[in-house]
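Trainee: need coordinates for the below:
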Amino acid sequence: MPEYKFACDCGHRQSVIWSMNKSKNILCCPECGNSMYREYNFSVGGGTYSKPIVSDSLAISPEQIPEHRKHFPDVEVTPEGQPVFDNFKKHEDYLQKTGFVKERQKLKPKGKRIGKTKKV
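Mentor: Numbers count the residues shown, from 1 in each chain. Okay, the predicted model is just below:
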């Protein structure tokens, strides 16, 4: 059976081993009782992206490009100031060095709840 990794907004993380037919189920956090979300590992297959990612959300002012190249010589930047990433590790290292945090996409929960529910 596969192992699924879950995380909660409160910071709790856990791994669960269960059958694939349960993979869409919602897991409740044992710490706070809220729904946990599934964490995905995008570094499968060597960690390279199928095509380079041009990040609008991390864009800088074109005047800052020379300074950016001093600090991050291995990260390509478009003339408009958008950093370009061709692999997962370079993208993650850049986020960590700059202090940016990736927020998970807000999705509407689907499936049935498993575990304790938070009582109000």
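Trainee: what's the lengthiest helix in the chain packed up against?
Mentor: Counting residues, the longest helix in the chain under DSSP state H turns out to be helix 88-98. Helix 88-98 makes packing contacts with strand 48-54, strand 83-87 when contacts are defined by 3 or more Cβ pairs under 8 Å, 6 or more residues apart in numbering; DSSP states H and E. No exception for glycine: its C-beta is placed from N, CA and C like everyone else's.
Trainee: now the angle from that helix to strand 83-87?
Mentor: 140 degrees (axes from the mean of the first three to the mean of the last three Cα atoms, to 10 degrees).
Trainee: what comes up buried for helix 88-98?
Mentor: Counting neighbours by 16 or more other Cβ atoms under 10 Å, one finds that the buried residues in helix 88-98 are 88, 90, 91, 94.
Trainee: could you report the pLDDT at the nearest residue to residue 58 once chain neighbours are set aside?
Mentor: Counting by Cβ to Cβ, 6 or more residues apart in numbering, residue 58 lies nearest to residue 83, which is 5.2 Å off, once chain neighbours are set aside. Residue 83 is assigned a predicted lDDT (pLDDT) of 94.
Trainee: need the contact list for residue 83.
Mentor: 54, 55, 58, 59, 60, 68, 72, 75, 76, 77, 94 (Cβ atoms under 8 Å, 6 or more residues apart in numbering).
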